[in-house]
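# sharing a model prediction with you, sequence too.
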Amino acid sequence: MKLPSHVTLVEVGPRDGLQNEARPVATGDKITLVHRLQAAGLREVEVTSYVSPKWVPQMADNSAVMAGIARLPGVRYSVLTPNMKGWEAAQASQPDEIVVFAAASEAFSQKNINCSIAESLERFAPVVAAARAAGVKVRSAVSCAVGCPYQGEVSPDEVERVVLGLKAIGVQHLGVADTIGVGTPRKVQAALERALKHYPAAEVSGHFHDTYGQALANIYASLELGIHIFDTSVAGLGGCPYAKGATGNVASEDVVYLLHGLGISTGVDLDALVDAGHFICQAIGKPNGSRVARALLAKRGVIAAC
């Protein structure tokens, strides 16, 4: 089976990885993290989100972070904008891409954003239209694409319904997200196949959490379908506040190690990526969630946990 020769990683650590940290993370540390990540070769970085600080206080410094980044040519900087107010605030920071999100589960949509899936799509439609009119690409994530903490199993039919809704409002890139990390390879492939019916492989990505230790297996299963874009988070940072027990996103370091071992290029310097993860873990006082990072840091004689 022929696997892709190159994979693009969308580094979501600065946004998805840090947004649920209880203690404030210094704006300067967020900016330094982005600088370290792009220096390591990441060319897609999800920087911050433009949401109400009442709901996500960690992202209250969104404009300051975007303004503080020394942007590199060839790097795409994306931000989360869940509504028109978020888009209007984000526009001044000139993101290269915005991200919206819709759930495949009605129960999760109600718990997460207090509206139905249909209502969420209506809310996103003007955001998508405004961004595209401004020449900004729109990416969307379909959360809970294989399982939901409230309803349990999520069917491929439910995924496809949301995929069609997002395509109808003009979303250009579709991410399939195993938000709570319950997916296994065949289930993940079934969800991705529904996305691939309506989007080319170049505009479909995978977003996997490692709650049950299946994230790397799910990435390999995605590669078998020709998927070559994945969201990852440095040091495995992140989690879902609405999904009890859900651990962080799959660690960028672990994914790079797997891909390089398969002979697949990423453009990422693994040692520099490990350094970036070690930096932010020390800054926030948390253990490093990447097994690869812990192993490589141990070889250097560095303690990976704080």
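Great, that's in hand.
# rest of the way, CA atoms for contacts and neighbours
Will do.
# identify the bridge partners of residue 251.
Going by DSSP bridges, residue 251 is paired in beta bridges with residue 233.
# can you pull the contacts of it?
232, 233, 234, 235, 236, 237, 289, 290 (CA atoms under 8 Å, 6 or more residues apart in numbering).
# and the host helix or strand of residue 130, C-alpha only, in PDB?
Using DSSP states H and E, residue 130 sits in helix 117-133. Taking C-alpha atoms only, helix 117-133 is exported to PDB below (Å, rounded to 0.1, in the frame of the first residue of the first chain):
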ATOM      1  CA  ILE A 117     -26.000  21.400  14.800                       C
ATOM      2  CA  ALA A 118     -28.300  23.200  12.400                       C
ATOM      3  CA  GLU A 119     -28.200  26.300  14.500                       C
ATOM      4  CA  SER A 120     -24.400  26.200  14.700                       C
ATOM      5  CA  LEU A 121     -24.200  26.000  10.900                       C
ATOM      6  CA  GLU A 122     -26.500  29.000  10.600                       C
ATOM      7  CA  ARG A 123     -24.200  30.900  13.000                       C
ATOM      8  CA  PHE A 124     -21.100  30.000  11.100                       C
ATOM      9  CA  ALA A 125     -22.500  30.800   7.600                       C
ATOM     10  CA  PRO A 126     -21.900  34.600   7.800                       C
ATOM     11  CA  VAL A 127     -18.500  34.100   9.400                       C
ATOM     12  CA  VAL A 128     -17.400  31.800   6.500                       C
ATOM     13  CA  ALA A 129     -18.800  34.300   3.900                       C
ATOM     14  CA  ALA A 130     -17.000  37.200   5.500                       C
ATOM     15  CA  ALA A 131     -13.700  35.500   5.800                       C
ATOM     16  CA  ARG A 132     -13.800  34.200   2.200                       C
ATOM     17  CA  ALA A 133     -14.700  37.700   1.000                       C
END
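# for the helix or strand hosting residue 294, which helices and strands make contact with it?
Secondary structure assignment for residue 294, by DSSP H and E: helix 291-300. The contact analysis (3 or more CA pairs under 8 Å, 6 or more residues apart in numbering; DSSP states H and E) places helix 291-300 against helix 252-261, helix 270-284.
# for residue 21, which of these is the nearest?
Among those, the nearest to residue 21 by CA to CA is helix 270-284 (8.4 Å).
# who are the packing partners of that closest one?
Counting by 3+ CA pairs under 8 Å, 6+ apart, helix 270-284 packs on helix 27-39, helix 252-261, helix 291-300.
# output the ones you listed as TSV; include the columns mean neighbour count.
Putting the helices and strands packed on helix 270-284 into TSV (neighbours: other CA atoms under 10 Å) gives the following:
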stretch	mean neighbour count
helix 27-39	20
helix 252-261	21
helix 291-300	16
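# could you dump those helices into TSV with mean pLDDT and distance to residue 212 added?
Output for the helices and strands packed on helix 270-284, formatted as TSV (pLDDT from 0 to 100; distance: least, CA to CA, whole Å):
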stretch	mean pLDDT	distance to residue 212
helix 27-39	98	27
helix 252-261	98	15
helix 291-300	96	15
